[in-house]
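Trainee: have a look at this fold, sequence not included:
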């Protein structure tokens with residue numbers, strides 16, 4: 001007999017009622033008396049468990065009363081409705097095979113366990129309710145991201161992990177080498193001689209797929225990347241990890257206003273997909289992680305995103321009747337307290353656009369005022385900045401001038417500059433940290449709890 005998925009028992013209950021079925025999974029809880037007992041079984045296919053009833057008629061009844069949490073079992077029995085009970089149905093076992101009796105040292109028992117402790121058990125934490133919900137939402141959200149772009153005519157591009165292109169600043173990028181670091185390094189003119197390294201020059205682990213993505217957007221019109229990104233910043237905040245996943249679309253013949261349209265449409269699509277496809281997981285997160293989560297997500301779907309110039313945002317902050325920890329400045333970035341105030345003031349998501357050029361990247365389109373660039377950050381209630389994008393500088397001379405102004409070497413990026421010589425166009429793109437999005441959708445407060453194996457300073461376990 002092939003095993004039936006617990007998900008199918010919940011979604012297609014009528015097909016199985018009063019039929020014999022087989023299920024296979026892991027014990028979440030077990031309780032028993034002298035003549036009968038109950039097992040909560042989860043097979044990984046569904047957030048909720050299946051209740052199994054077993055009694056003393058089974059040859060191995062005594063063995064089953066001694067089952068431990070996380071033991072793997074295979075169960076055959078009659079699937080029946082339970083009128084008026086807490087659970088809508090249960091499986092009356094006729095045969096239970098104990099495939100593996102989990103050791104009693106299993107570290108995650110049925111009690112309140114801190115997220116901090118569960119991070120030390122990253123190989124086991126997906127078996128808990130919280131992380132079962134979080135990582136199923138992660139899977140559904142990832143699929144919805146691909147679905148959105150594929151449905152809208154984007155080409156999926158796998159940009160390189162190893163690169164010699166300095167996109168976000170080499171100080172934030174991991175260096176890659178095959179040089180033997182246990183021996184003196186080869187030198188040339190007092191500096192490490194990277195011509196002796198595997199690529200004949202200094203190489204990095206990518207901090208962004210944007211530059212390579214732009215090259216493909218100039219051929220296909222609309223592309224997106226979705227993959228791992230690594231940055232070496234020594235930050236221990238709740239929103240930073242050294243390894244994370246990024247979504248980076250690039251769109252030709254698209255200006256900043258059109259980009260904001262796409263960002264809003266994209267975000268609403270992914271949130272709507274998760275709400276529709278993970279109702280049990282979202283309900284759990286709402287109840288146990290972030291009260292009001294469902295209302296927050298539904299409100300986002302029904303919001304029209306405000307569009308506000310950076311200058312006007314600073315005007316608003318300076319007029320606010322409150323004392324700031326960090327004083328808002330016309331030439332400066334927005335602090336978390338500023339982002340929170342702006343989204344509360346407008347009671348919804350806000351695009352802050354046209355930022356001071358001195359605090360933004362060289363590849364962003366210089367506006368006609370010569371002081372700002374066509375950049376945009378999306379601020380959402382409860383999470384602050386969630387997306388960052390810009391119209392890219394399409395003018396060759398202006399891009400070269402900006403690179404020199406910001407001490408970015410032009411020679412290694414000749415291929416990127418070539419795009420401005422061979423059929424340049426108005427084009428834009430944005431970046432979204434996948435884990436930041438997941439924090440917003442699940443209500444989890446720490447980025448370490450929405451990625452399977454977090455990599456942070458002084459932490460590379462597992």
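Mentor: Yep, that arrived. Given the structure is predicted, the values throughout are model-derived calculations rather than measurements.
Trainee: quick one: residue 391 and residue 364 touch, right?
Mentor: Yes: using CB atoms under 8 Å as the test, residue 391 is close enough to residue 364 to be in contact (7.2 Å). The C-beta positions use only the backbone N, C-alpha and C, and glycine is treated the same way.
Trainee: overlap in contacts of those two?
Mentor: Applying CB atoms under 8 Å, 6 or more residues apart in numbering, one finds that residue 391 and residue 364 are jointly contacted by 374, 375.
Trainee: can you give me the end-to-end span of stretch 346-365?
Mentor: 27 Å (CA to CA, to the nearest Å).
Trainee: show me what counts as buried in that stretch.
Mentor: Taking 16 or more other CB atoms under 10 Å as the basis for neighbour counts, the residues of stretch 346-365 that come out buried are 346, 348-357, 360-365.
Trainee: how much space between residue 300 and residue 53?
Mentor: Here the distance between residue 300 and residue 53 works out to 43 Å (CB to CB, to the nearest Å).
Trainee: neighbour count winner among these two?
Mentor: Of the pair residue 300 and residue 53, residue 300 is the one with more neighbours under other CB atoms under 10 Å, namely 22 against 16.
Trainee: look up phi and psi at the nearest residue in space to the more buried one that is not next to it in sequence.
Mentor: Nearest residue to residue 300 in three dimensions, chain neighbours excluded: residue 271, at 6.0 Å (CB to CB, 6 or more residues apart in numbering). Taking degrees, to the nearest 10, you get phi -60, psi -40 for the backbone angles of residue 271.
Trainee: for residue 124, give its distance to residue 383.
Mentor: As it turns out, when the distance is counted by CB to CB, residue 124 lies 28 Å from residue 383.
Trainee: ok, residue 345 touching residue 319?
Mentor: No: when contacts are counted by CB under 8 Å, residue 345 is not listed as touching residue 319 (10.4 Å).
Trainee: please say which of these two ends up with more neighbours.
Mentor: The neighbour comparison of residue 345 against residue 319 (other CB under 10 Å) goes to residue 345, with 15 against 7.
Trainee: tell me the contacts of the more buried one?
Mentor: Counting by CB under 8 Å, 6+ apart, residue 345 makes contact with residue 316.
Trainee: element containing it?
Mentor: helix 336-346 (DSSP states H and E).
Trainee: whatever helix or strand comes next after that helix: partners in the sheet, and parallel or antiparallel?
Mentor: Using DSSP H and E, the helix or strand that follows helix 336-346 towards the C-terminus is strand 350-356. Based on DSSP bridges, the strands next to strand 350-356 in the sheet, each with its direction, are strand 306-309 (parallel), strand 372-380 (antiparallel).
Trainee: what angle sits between strand 350-356 and helix 336-346?
Mentor: Per axes from the mean of the first three to the mean of the last three CA atoms, to 10 degrees, the angle that strand 350-356 makes with helix 336-346 is 130 degrees.
Trainee: how far does strand 350-356 sit from the chain's center?
Mentor: Counting by CA atoms, centre = their mean, to the nearest Å, strand 350-356 is centred 23 Å from the centre of its parent chain.
Trainee: ditto for stretch 197-208
Mentor: Offset of stretch 197-208 from its chain centre (CA atoms, centre = their mean): 26 Å.
Trainee: one more: stretch 39-46?
Mentor: Stretch 39-46 has its average C-alpha position 25 Å from the chain's average C-alpha position, going by CA atoms, centre = their mean.
Trainee: same question for that stretch, mean pLDDT?
Mentor: Mean per-residue pLDDT for stretch 39-46: 96.
Trainee: buried sites along it?
Mentor: With burial defined by 16+ other CB under 10 Å, the residues of stretch 39-46 counted as buried are 39, 40, 41, 42, 43, 45, 46.
Trainee: for it, measure first residue to last.
Mentor: By CA to CA, the extent of stretch 39-46 from end to end equals 16 Å.
Trainee: name the residues that touch that stretch?
Mentor: 3, 5-8, 10, 23-30, 49-52, 54, 64, 67, 73, 75, 93, 96, 127, 132, 280.
Trainee: can you list the weak-confidence ranges in the protein?
Mentor: Applying pLDDT under 70 to the chain flags residues 1, 165-171.
Trainee: phi first, then psi, for residue 96.
Mentor: Here is the backbone geometry of residue 96 (degrees, to the nearest 10): phi -130, psi 120.
Trainee: count the residues that sit near it.
Mentor: Residue 96 has 21 nearby residues by other CB under 10 Å.
Trainee: what's the closest non-adjacent residue to it?
Mentor: Among residues not flanking residue 96 along the chain, residue 75 sits closest, at 5.1 Å (CB to CB, 6+ apart).
Trainee: and that neighbour, how many residues sit next to it?
Mentor: Residues near residue 75, counting by other CB under 10 Å, number 23.
Trainee: apart from its neighbours in sequence, what residue is nearest residue 438?
Mentor: residue 450 (4.1 Å).
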